[in-house]
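Visitor: Next one to model:
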Amino acid sequence: MARKGRKNSGTGVNVVEEAAALYASDAAETPKRKNYLLLQSKIDLARKVLGAATETEALDRALDYVIYGELLAQGTLAMHGEEYNDVLGLLAEIPGSAERG
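Guide: Numbers count the residues shown, from 1 in each chain. Sure thing, here's the model as predicted:
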């Protein structure tokens, strides 16, 4: 399923702050029982890909990856136009990087 676009326009929601608060208080939060209609084949594949022992673990990890992906996307957007400091000297090994750098 493709992403349709950002829904953070003008809502004042700061995903970085929310994620920091969520993961800082993770141990104190009590999980809630939920009932969703999901395709079993997707759950099975997610479990396999993520190496999860249970369906719950697979869904929890998948949600973590969604949140992490959004944090990466926001960080990338924040860096747009910033100079890249290739401290490891690896940029030259990336095909096409000479045209960008």
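
Visitor: Can you tell me the closest non-neighbouring residue to residue 67?
Guide: Closest residue to residue 67 apart from its sequence neighbours, by C-beta to C-beta, 6 or more residues apart in numbering: residue 19 at 5.5 Å. Backbone N, C-alpha and C define where each C-beta goes, glycine included.

Visitor: pLDDT below threshold where in the protein?
Guide: Where the chain drops to pLDDT under 70, the residues are 1-13, 26-27, 97-101.

Visitor: could you redo the last one with a cut-off of 80?
Guide: By pLDDT under 80, the low-scoring segments of the chain are 1-13, 25-29, 81-86, 89-92, 94-101.

Visitor: Just the helices from it, written as ranges.
Guide: Shown for the chain, the helices assigned by DSSP state H span residues 15-24, 40-50, 55-78, 97-100.

Visitor: So which elements touch the longest one?
Guide: The helices and strands touching helix 55-78, judged by 3 or more C-beta pairs under 8 Å, 6 or more residues apart in numbering; DSSP states H and E, are helix 15-24, helix 40-50.

Visitor: buried ones in the shortest one?
Guide: In terms of neighbour count (16 or more other C-beta atoms under 10 Å), helix 15-24 has its buried residues at residue 19.

Visitor: Equivalent analysis for the last one, please.
Guide: Within helix 40-50, the residues scored as buried using 16+ other C-beta under 10 Å are 43, 46-47, 50.

Visitor: Who are the packing partners of that helix?
Guide: helix 55-78.

Visitor: what's in contact with the helix it packs on?
Guide: For helix 55-78, the surrounding residues in contact (C-beta atoms under 8 Å, 6 or more residues apart in numbering) are 15-16, 19, 22, 43, 46-47, 50, 52.

Visitor: Looking at these, which is nearest residue 88?
Guide: residue 16 (25.0 Å; C-beta to C-beta).

Visitor: OK, contacts around that closest one?
Guide: 71, 74.

Visitor: any idea how far it is from residue 60?
Guide: Distance, residue 16 to residue 60, by C-beta to C-beta, to the nearest Å: 20 Å.

Visitor: do residue 46 as well
Guide: 10 Å.

Visitor: Let me know how buried residue 58 is, in neighbour terms.
Guide: Close neighbours of residue 58, defined as other C-beta atoms under 10 Å, add up to 21.
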